[in-house]
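Novice: need a 3D model of the sequence below.
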Amino acid sequence: MRDITEYFADYASYHRTKGNKWFHRLGIPLIVLTLIGMLTRVPIVRGFDAAMLLIVVAELVYFALEWRLAIAMLLVSTAFWFLGGAMPLSLNVALFVLGWIFQFVGHSVYEKRQPAFLKNVTHLLVGPLWILNDVVPVVKSASLTAR
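Specialist: Coordinates of the predicted model:
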């Protein structure tokens, strides 16, 4: 597995324009919140749902990449589990679609480049960490700060 700074540098190369960065600031949290919210409704075993499984798997990757961001993301994911699970399914679905629309508008209108996850699926996990690192700066790297 590559170092988090390498992932962030690669991810940042797909997110250079101000407009794309703003659409990602809105879209990625919406996607994560609502994906978790939808997955809370998918039981795996008693007391354990698909959202919990996603959080555990993502956290294993996050701890391997950067433990401080992993801890912060665990707090965010836990809050999103409660919030997303409390939202009506229809609202989760609508906001999930809106989040993805924001991503593709950012890339097609502003960046004029395909999303990073089309090159490397790991970027689906890197994106939320990149956003979080902009809010809670832990790793000095290419950030969302508009230049």
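Novice: show the contacting residues for residue 16.
Specialist: Listed by Cβ atoms under 8 Å, 6 or more residues apart in numbering, the contact partners of residue 16 are residue 111. In this view, the C-beta of every residue, glycine as well, is placed from N, C-alpha and C.
Novice: phi, psi of it?
Specialist: Here is the backbone geometry of residue 16 (degrees, to the nearest 10): phi -100, psi -20.
Novice: in the protein, which spans are helices?
Specialist: 4-12, 18-39, 50-65, 67-86, 89-105, 123-135 (DSSP state H).
Novice: how big is the angle separating the fifth one from helix 123-135?
Specialist: Okay, so that is helix 89-105. If you take axes from the mean of the first three to the mean of the last three Cα atoms, to 10 degrees, helix 89-105 sits at 90 degrees to helix 123-135.
Novice: show the pLDDT at residue 146.
Specialist: On the pLDDT scale, residue 146 is placed at 43.
Novice: re earlier: need the helices of the chain in CSV with distance to residue 114, can you?
Specialist: Below are those laid out as CSV (distance: least, Cβ to Cβ, whole Å):
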stretch, distance to residue 114
helix 4-12, 13
helix 18-39, 12
helix 50-65, 22
helix 67-86, 25
helix 89-105, 10
helix 123-135, 11
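Novice: kindly reformat those as JSON lines containing mean pLDDT.
Specialist: Shown next, in JSON lines, are those (pLDDT from 0 to 100):
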{"stretch": "helix 4-12", "mean pLDDT": "87"}
{"stretch": "helix 18-39", "mean pLDDT": "94"}
{"stretch": "helix 50-65", "mean pLDDT": "96"}
{"stretch": "helix 67-86", "mean pLDDT": "97"}
{"stretch": "helix 89-105", "mean pLDDT": "96"}
{"stretch": "helix 123-135", "mean pLDDT": "90"}
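Novice: and these: which comes nearest residue 117?
Specialist: Nearest of the helices of the chain to residue 117, taken as Cβ to Cβ: helix 123-135 at 4.2 Å.
Novice: packing partners for that closest one?
Specialist: The helices and strands touching helix 123-135, judged by 3 or more Cβ pairs under 8 Å, 6 or more residues apart in numbering; DSSP states H and E, are helix 4-12, helix 18-39, helix 50-65, helix 67-86.
Novice: re earlier: now the helices of the chain as CSV including distance to residue 115 and mean neighbour count?
Specialist: Shown next, in CSV, are the helices of the chain (distance: least, Cβ to Cβ, whole Å; neighbours: other Cβ atoms under 10 Å):
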stretch, distance to residue 115, mean neighbour count
helix 4-12, 10, 18
helix 18-39, 10, 20
helix 50-65, 18, 16
helix 67-86, 20, 17
helix 89-105, 6, 16
helix 123-135, 8, 20
